[in-house]
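Visitor: Here is my input; please provide its structure:
(chains A and B)
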Amino acid sequence: MFHNFNYKKPLAALLAFTVSLGMSVSVYAATPDIVKKDVLELGKKTYFRRCVWCHGVEGGGDGPSADRLFTRPRNFNQGTFKIRTTDSGHLPMEEDLIKTVTNGLPGSAMPAWGEVLKKEEIVAVVNFVKTLVQDRSFDDVEDEIVEVQDFGSNPWGTKGPYHLGIPQEAIDQGKEIFIKNKCFECHGGEGRGDGNPTMKDDWGFPIVAADWQQCWNFRGSRRNAYDPFNVVRTINTGLNGTPMPNFKDQINQEDRWKIAAFVNSLCPRKNIDPLANKPVSDFLISSEFTAGPVAKTIDDPMWTVPDSDTKITGWQDDEAYKEEWGAVNRPRKNYVAMAGQITRGKRNFDPKVDNLWVTSRWSEEENAVYYLVEYHLRFLSNDPEWKEMVGIQWPAKLQDLFGAEKPYFIYGDSKKPVHVWRADFLPVNYKPTNAPNPEGYKLDVKVTELNAHGFEDVKVRENPVVEVVDSIYKQGRVKILFRRALTTENADKLEVQIPAQKFIPISFMQWSGRDHEKDEHMAISTWFYTILKPQIPNSIYVNAVIMGCVFAGFQGWLMWMTRRTRKMYDDGVVLRDRLPDQPS
Amino acid sequence: MNKTLLSLIVYVATLGVFHNVLFPIFTPKEIGMVMNRYVYYLIMVLTVIFLHLIMKLKPTMAFRGLMVWTLGFYFYKFILFPPVPWTLFITYMMLWSIGTFLYISQDPITFREFREPIVKTIVGEYKFAQILVFTLMPFLVGFGTYKALYPTFEEPVELRTVHPAPPATTKVHGKTYALEGLQNPFRIAEQDDYQDSFPFLDADKSEYMRHITDGGSLFFQNCHYCHGDQLNGLGMFSHVFNPTPANFVDPGTIAMLRESFLFWRVSKGGPGLPNESTPWSSAMPPWEEHLKTDEIWKIILFEYWYTGWHPRTFDGESSITLKE
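Guide: So this is what the prediction gives:
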């Protein structure tokens, strides 16, 4: 996955030595940072303006918004804070809370306040929050001890934002430590958080393990998603209030960095929007031209494109692919951000899927287009009443749209209908409590095609022509490969006809059957564009050569002309222009 | 040593040092009278001239022309702020090129001096330069042609009207409202007097703060997913939608609108927009489907209280004067 960088062996030994020195210094015990009484007034003012809406009047995590949030806002009363530098069960340092307020908790509704509040307001509000802790006290210097952990430092000296260049060796060793410590029991076989569906937090609310392949959602990522330090800190301190314990006794410090390297290596490198702390959506889904037929199996090299942006990682096609396909471009794997449908009808405030990955190819020979839709979902339904579903939405009457016009993004509207290709599926022989299964689960898929003139007017089409040619649910990831002919009979004029080389609006819908989502109660994307890219014509190579030759000819003419002029000067046929200081 | 070569080294080194070391220093976050990019550029040009004077360098005319031209290029490319669009950049560079040519051809001597190395390259007196240029150029042209013809696809740019003209009237929950002159029924006090009051805690004492508490609670149950906990349009779902949700803290949104406009926008949402505002991709719900009329007004009241902006008002007096 990464380029091994050539670090010098002696340097590594020196670093390892420094790390071991660091371990001997290790943990130091202290008393909690007592409440700063003089800032409480400002803190209270800030809290009641900014925080009370989620965290509640008494800090019980029960503000007006709480019931519509997953994860719920923090209940401060017990003094339980997840992201700390202190030992499991201990109160946090003031600096930990300041960092949390400053950077927010990505993946939750808690925003970063660093750019909104002044530093003194953040300090004040943090001290006010400390007074909302009822069951213990930051002022109790007798009984409360905080042991600040020592995390060592990044042994490979990698740099943000992407922290590439960690040696593969360390990543592989990290994987072994991951297996040995059974991290997969909660985090799943490939770290997508699909291990344990029954977990509860200290207050009895359901909770899920972190998805390591979406590190931008790590609560403690401190707006620096790819930094392995985030993982080291969590292994060291655990997450108070959750089933995540610390592993500092089981895993020594050197190994903590290695397991962090492994966890970190799983997270796709994408351009992260600094405001949203999420990858930037790839708003153009190009469908790559494929000579001959397109592979109908997901495992075929035609479809195995890495999630990471290849421009960032410098990933190259392997030799086997190059031999078979030559310089044919691989399609990009496009990131499609999803949100709960909170606009019309029954709203979905806590969608289980917040992004899809979409790859596309088309074949002139087959006259067909393929869309591979992938997404992470920790647990699937196995209730035939509530199937898992994912769909692609198109304008049904593409030819009638003028300019930027599109149907309404939620099931179209009365004038502009949409056409939805939906895969309804259940995994075969699957139970959410099963141990990680590297083989994955086959999916029992049925394709449904819909036409809609608005979310209240959705009709199922008879005799669907869209196919799902391959599908699988493996280690917390659903993959569905859609195929359809570019053109169909289209007797009722409500099937999308897909032209080549035209920008076509496309959007995506997803329903978690296990979460009892259906109809407009779903996750949805906004309109993206897709385009069937043309074959690269041979004429562009020919034209390049022709232009080069023409230019060479022009150069020859220029040389001949210049020489001729010189000769004419020398022969006195033509006079040189006279300069001012030269006598005539 | 060849004076032109020395001059080239001095020139490239100066630009390199200035661009990589001094440019970041001269462009801090807070721009000052001295610490700005234009002063930086002036100092750079003066340094180049000064170095040439004290080292008594007198490069050939062709190189001097090149220096003048590249300094112009550097100015338009890196210094001029905000950066100009490329069409304008090309126009500026054309003018600059003409200016450079005027400098070169100010009199026949300089012009001949300028032409000399070019002619010598063409006729082959500078053999090495000739071979280099004459073999490289056709390849560059060929490659440029390939690059230009290679099909690339960028998503189409879509422009939209952010604040479209509102209709004269709007019908919400069966009642028709004329937007002209429509006031927020809950604006019963001057909001500035309540900037230090506490929602929830002061809700029993003051009717106004009770409305703010209600409005805020509704906002944080319905609106924050897109418009954000900070009302800055950066809610947890905001990055998904295109157009992105409105930022109420920005002076370009609620600060320049009337409350009646907000009432219409909130009630009718995305589907109520005219075509020029791309109603098909707006995720703004028609809130009349989810909220009561009073609730909509209270949320609007809260948005102004929280951000500290004042809504634009209908100025009765001036409209009377105009009518007469």
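
Visitor: Might you enumerate the residues of the stretch 101-250 of chain A proximal to chain B?
Guide: Contact residues (CB under 8 Å from any CB of the partner chain) of the stretch 101-250 of chain A with chain B: A:108-111, A:113, A:116. Bear in mind the C-beta positions are built from the backbone N, C-alpha and C, glycine included.

Visitor: Which of those residues sits closest to B:Asn36?
Guide: B:Asn36 has its nearest neighbour among these in A:Val116, at 27.9 Å by CB to CB.

Visitor: Tell me if I am right that the closest one is in a helix.
Guide: No: the assignment for A:Val116, made by DSSP: H, G, I helix; E, B strand; the rest coil, is coil rather than a helix.

Visitor: show me where pLDDT drops low in the stretch 1-150 of chain A?
Guide: In the predicted model, the stretch 1-150 of chain A carries pLDDT under 70 at residues A:1-26.

Visitor: the helices in it, which residues?
Guide: Ranges of helices within the stretch 1-150 of chain A are A:9-25, A:40-46, A:52-55, A:94-103, A:119-131, based on DSSP state H, counting those that start in this stretch.

Visitor: Same check on the stretch 101-250 of chain B?
Guide: Using DSSP H, counting those that start in this stretch, the helices of the stretch 101-250 of chain B run over residues B:108-123, B:127-149, B:207-222, B:224-227.

Visitor: how's chain A carved up into domains?
Guide: What automatic domain parsing lists as the domains of chain A is A:1-28+A:165-267, A:31-148, A:282-532, A:547-584.

Visitor: Mean neighbour count and distance to B:Pro164 added to those domains, as a markdown table?
Guide: A markdown table is the format used below for the domains of chain A (neighbours: other CB atoms under 10 Å in any protein chain shown; distance: least, CB to CB, whole Å):
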| stretch | mean neighbour count | distance to B:Pro164 |
| --- | --- | --- |
| domain A:1-28+A:165-267 | 18 | 35 |
| domain A:31-148 | 19 | 29 |
| domain A:282-532 | 18 | 15 |
| domain A:547-584 | 12 | 48 |
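
Visitor: Run through the residues that contact residue 197.
Guide: With no chain named, the answer covers chain A. Contacts for A:Pro197 were tallied using CB atoms under 8 Å, 6 or more residues apart in numbering or on different chains; they are A:208, A:378-379, A:432-433.

Visitor: Not quite, go with chain B.
Guide: With contacts defined as CB under 8 Å, 6+ apart, B:Ser197 is in contact with B:206, B:209, B:212.

Visitor: picking that back up, what's the closest of the contacts of A:Pro197 to chain B?
Guide: A:Val208 (16.4 Å; CB to the nearest CB).

Visitor: pLDDT value on the closest one, please?
Guide: What the model reports for A:Val208 is a pLDDT of 93.

Visitor: pretty sure it contacts A:Arg378?
Guide: Yes: using CB atoms under 8 Å, A:Val208 is in contact with A:Arg378, at 5.6 Å.

Visitor: Mind listing the shared neighbours of these two?
Guide: Joint contacts of A:Val208 and A:Arg378 (CB under 8 Å, 6+ apart) are A:193, A:197.

Visitor: Over to A:Gly391. Which of the three states is it?
Guide: Per three-state DSSP, A:Gly391 ends up strand.

Visitor: Contacts only, for the nearest residue to it once chain neighbours are set aside.
Guide: Nearest in space to A:Gly391, with sequence neighbours left out and distances taken as CB to CB, 6 or more residues apart in numbering or on different chains, is A:Arg422 at 3.7 Å. Counting by CB under 8 Å, 6+ apart, A:Arg422 makes contact with A:389-392, A:447-450, A:509.

Visitor: separation between A:Arg422 and chain B?
Guide: Remark: distance between A:Arg422 and chain B (CB to the nearest CB, to the nearest Å) = 20 Å.

Visitor: Okay, and the beta partners of that residue?
Guide: Beta-bridge pairing for A:Arg422 (DSSP bridges): A:Gly391, A:Thr448.

Visitor: Cheers, nothing more for now.
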